[in-house]
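J.: how does the following fold in three dimensions:
(2 chains)
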Amino acid sequence: MSSTNTKDPNAAVGLEGGTVIAVTRRARLAEFWYYFSQNRGAVIGLYVFLAIVVIALLAPVIAPHSPSLQNRGFFLLPPVWQEGGNWSFILGTDAVGRDVLSRLIYGARFSLFIGVVVVSVAVSVGILVGLIAGYFRGAVDTVIMRVMDIILAFPSLLLALVLVAILGPGLVNAMIAIALVQQPHYVRLTRAAVMSEKGRDYVTAARVAGAGNIRLMFKTILPNCTAPLIVQAALSFSTAILDAAALGFLGMGAQPPTPEWGTMLAEAREFILRAWWVVTFPGLAILITVLAINLMGDGLRDALDPKLKRS
Amino acid sequence: MPLGVIAAVRRGSWLDQTVMGAALVGYSMPIFWWGLLLIILFSGILGWTPVSGRISLLYFFPPVTGFMLIDSLLSGQAGAFKSALSHLILPTIVLATIPLAVIARQTRSAMLEVLGEDYVRTARSKGLPPRRVIGLHALRNALIPVVTTIGLQVGVLLAGAILTETIFSWPGIGKWMVDSVFKRDYAVVQGGLLLIAAIIMIVNLIVDVLYGLINPRIRH
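T.: Model (predicted):
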C-alpha cells in the first residue's frame, strides 16, 4: 500500500522532465533526513562515524608517531594520567615501545577499509545473485537458494575461520571470507524484494513496452528494492569490522606488525594483568566504531521502513 | 526477555532507554575484548574469580559424566564444586552478553507491535489487570519472533564459544576447532563444522515445532 503511494508521483513526474525529478529527489532526501534526525542516537552515531572517517583519512597528520616505530626507552609505558606516563605517548606504549594512540589511529584505516571492501563485495555479488534468483525463479532459484541456505547454516565467524584456514591467514583472505559469509543475507533480501516487485503493474507495463530482461532487472525492478539493502549494508558494515577483529584476535586476520585493532588485542593478551591499557583501548575503539555504525543503521531502518514511519 | 517486555510496556521511559541503550552496547560488543576486560577487572583487580580453566589445579578426580560441575559434586571433595562454579562465572557472562542484548531488543519490538493490536485493547477495556493482559494476551503472541531469534542465537552462541573458549582456555568445541585450524588438521575442521551445522539444524527444527505449541493456528 505505502510503496504505491510513493511511486505514483514519480510516474507522473517522469513525463514532465529532468528538473522536476531533481526537485523530488531533493524533497525525498529532505524527508529522509527529517525522519533520520528524529532519532537522536542515529545522529550521534552518524557524527561519531564521520569523526572516525576523518581520523582514518588524516591518520599520517594526526598520529604523533609512526605506528611501527619502536621506542626502545619506553616499553609498556602507562597512559599519561597514570604515574609514570609521558605526554608524548598519550595512551601509553605496548610491549615493544610502539605508541598505542598512533596504532589506534592507523587501525581506524584498516577497520574502515575492511568494512568498505567487505560490504561492497558482498552487496554487489549478493544483489546480482539475488536478482537472478528472484527474477528467473525455477531451477536457477532453487539451486542458488539451497547453496545460500547451506552457507547460512554455519555460524558466520566459524565459516569465515575455516575459509581463512583454507585460504591462508591474512587481511585480504579474511576480507574475502567475511564477504562470502555475509553475502547470503543480501541474496535473500534482494530475492524477496524482487519477487514482490515483479508482479507489480509497472513492471508489466515496462515489459509490454518492450523492455528486455536485463533492463527490467536492473533499471525497472532493482531501484525499487534498495531500502532494505541499504539498511542491511549499514548493519553488516559493523559485523564485518567485528568479525575481522575477531579473526585478527584469533591470529587468522591481519598479521602482527599491522596495526589492526583485533590483532593488537591478540598481541596484548599476555600483558592483560600487567598493562591494562594495551588491552583496553583497542577494544574500546572497536566498540565505539561498531556502536556508532549500529546506531546509524537503526536510524536508517526507522527512516526507510514505511511500516515504522506511520506509527 | 523480561527486560524487553518491561521496556516495551514502559515505552519511552528512562527504563526503556537504559535497557535499550545497554542492549545496543551489548550487541555491538566485541566479546573477545569484553572477556579480557572482565578478567582484568574481576580476576586482576578484585581477585574474585579465577583467570582461566575449568577448575583449580588443586582438585583432581576422574571424570564420571564429563560435566565438571556434576563430577566435582560426585567426587565429594570440599571446595571442588565451588571452584568449578567460580570458573564458570566469567565465561557465562561473556557468552551471554550478545544473545541477551539481541533477545531483549527483539522482545521489545515484538511486544510493541502486539500491544498496538485490537485484541489487547479489548482485553484492557474488559478490565483485566495489566499483568494478565501483558503476560497472557500480549506476550504469548509476541513469542513467535522471539523464539525464532532464540533459535538463531544458537549459531551466534557457538561462534562466540570459539572466542570465549580461546580466552578462558576451555577445552570445548570452539577451542578444538581453532587448534585444529592452526595445526591444519583438515579432517577435524570438516568434522567439527559438520557437527556444529547439525546442532544448528536440530535446534531450528525444535524451533519450528515450538511454533505449533505457541500458536495453534500454525498446526496443519
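J.: where does chain B get nearest to chain A, residue-wise?
T.: B:Trp33 (2.9 Å; C-beta to the nearest C-beta). Bear in mind the C-beta positions are built from the backbone N, C-alpha and C, glycine included.
J.: which residues are in contact with that residue?
T.: Neighbour list for B:Trp33: A:Leu265, A:Val279, A:Pro282, A:Gly283, A:Leu284, A:Ile286, A:Leu287 [criterion: C-beta atoms under 8 Å, 6 or more residues apart in numbering or on different chains].
J.: okay, and which of the residues you listed map to helices?
T.: If you go by DSSP state H, these have A:Leu265, A:Val279, A:Pro282, A:Gly283, A:Leu284, A:Ile286, A:Leu287 in helices.
J.: tell me where chain B has helices.
T.: Here chain B has its helices, by DSSP H, at B:2-9, B:14-28, B:31-38, B:68-75, B:80-115, B:118-125, B:130-132, B:139-168, B:173-182, B:186-214.
J.: what's the most buried one of these?
T.: Most buried of the helices of chain B, by mean neighbour count (mean count of other C-beta atoms under 10 Å in any protein chain shown): helix B:31-38, with a mean of 24.
J.: next, the angle helix B:80-115 makes with it.
T.: 130 degrees (axes from the mean of the first three to the mean of the last three C-alpha atoms, to 10 degrees).
J.: could you pick out the residues of chain B near chain A for me?
T.: Proximity of chain B to chain A (C-beta under 8 Å from any C-beta of the partner chain) is limited to residues B:24-25, B:27-30, B:32-34, B:36-37, B:39-40, B:43-44, B:51, B:116, B:155-156, B:158-160, B:162-163, B:166, B:177-178, B:181-182, B:184, B:186, B:189, B:193, B:196-197, B:200-201.
J.: what about 6 Å?
T.: Contact residues (C-beta under 6 Å from any C-beta of the partner chain) of chain B with chain A: B:28, B:30, B:32-33, B:36, B:40, B:44, B:155, B:158-159, B:163, B:178, B:181, B:189, B:193, B:197, B:200.
J.: does A:His65 count as helix, strand or coil?
T.: On the three-state scheme (DSSP: H, G, I helix; E, B strand; the rest coil), A:His65 is labelled coil.
J.: give me phi/psi at A:Gln255?
T.: With angles defined as degrees, to the nearest 10, A:Gln255 sits at phi -90, psi 150.
J.: again with the one 5 residues further on
T.: Torsion angles at A:Glu260 (phi, psi; degrees, to the nearest 10) stand at phi -90, psi 140.
J.: so how many other residues sit close to it?
T.: A count of nearby residues for A:Glu260, using other C-beta atoms under 10 Å in any protein chain shown, gives 29.
J.: scan the ones in helices among the contacts of B:Trp33 and report the most crowded one.
T.: Within the ones in helices among the contacts of B:Trp33, most neighbours by other C-beta under 10 Å means A:Pro282, with 32 neighbours.
J.: which part of the stretch 1-150 of chain A gets nearest to chain B, residue-wise?
T.: A:Gly41 (7.7 Å).
J.: so that residue is in which element?
T.: Using DSSP states H and E, A:Gly41 sits within helix A:40-57.
J.: A:Ile151 now?
T.: Following DSSP H and E, one finds A:Ile151 within helix A:138-153.
J.: and A:Ala233, by the same measure?
T.: Here A:Ala233 is assigned to helix A:226-249, by DSSP H and E.
J.: average pLDDT across the next helix-or-strand element following the helix holding A:Gly41?
T.: Following helix A:40-57 in sequence order, the next helix or strand is helix A:59-62 (DSSP H and E). Averaged across helix A:59-62, the pLDDT comes to 74.
J.: same question for stretch B:30-48.
T.: In this model, stretch B:30-48 carries a mean pLDDT of 73.
J.: kindly export that stretch (C-alpha atoms) in PDB.
T.: C-alpha atoms of stretch B:30-48 as PDB (Å, rounded to 0.1, in the frame of the first residue of the first chain):
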ATOM      1  CA  PRO B  30      33.500  -7.400  20.700                       C
ATOM      2  CA  ILE B  31      33.100 -10.300  23.100                       C
ATOM      3  CA  PHE B  32      36.800 -11.300  23.000                       C
ATOM      4  CA  TRP B  33      37.600  -7.800  24.300                       C
ATOM      5  CA  TRP B  34      34.700  -8.000  26.800                       C
ATOM      6  CA  GLY B  35      36.200 -11.200  28.200                       C
ATOM      7  CA  LEU B  36      39.700  -9.700  28.600                       C
ATOM      8  CA  LEU B  37      38.200  -6.700  30.300                       C
ATOM      9  CA  LEU B  38      36.300  -8.800  32.700                       C
ATOM     10  CA  ILE B  39      39.400 -10.800  33.500                       C
ATOM     11  CA  ILE B  40      41.300  -7.600  34.200                       C
ATOM     12  CA  LEU B  41      38.500  -6.300  36.500                       C
ATOM     13  CA  PHE B  42      37.400  -9.400  38.400                       C
ATOM     14  CA  SER B  43      40.500 -11.500  38.400                       C
ATOM     15  CA  GLY B  44      43.200  -8.900  38.100                       C
ATOM     16  CA  ILE B  45      42.000  -6.000  40.300                       C
ATOM     17  CA  LEU B  46      39.300  -7.500  42.500                       C
ATOM     18  CA  GLY B  47      40.600 -11.100  42.600                       C
ATOM     19  CA  TRP B  48      37.100 -12.600  42.900                       C
END
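J.: much appreciated, bye for now.
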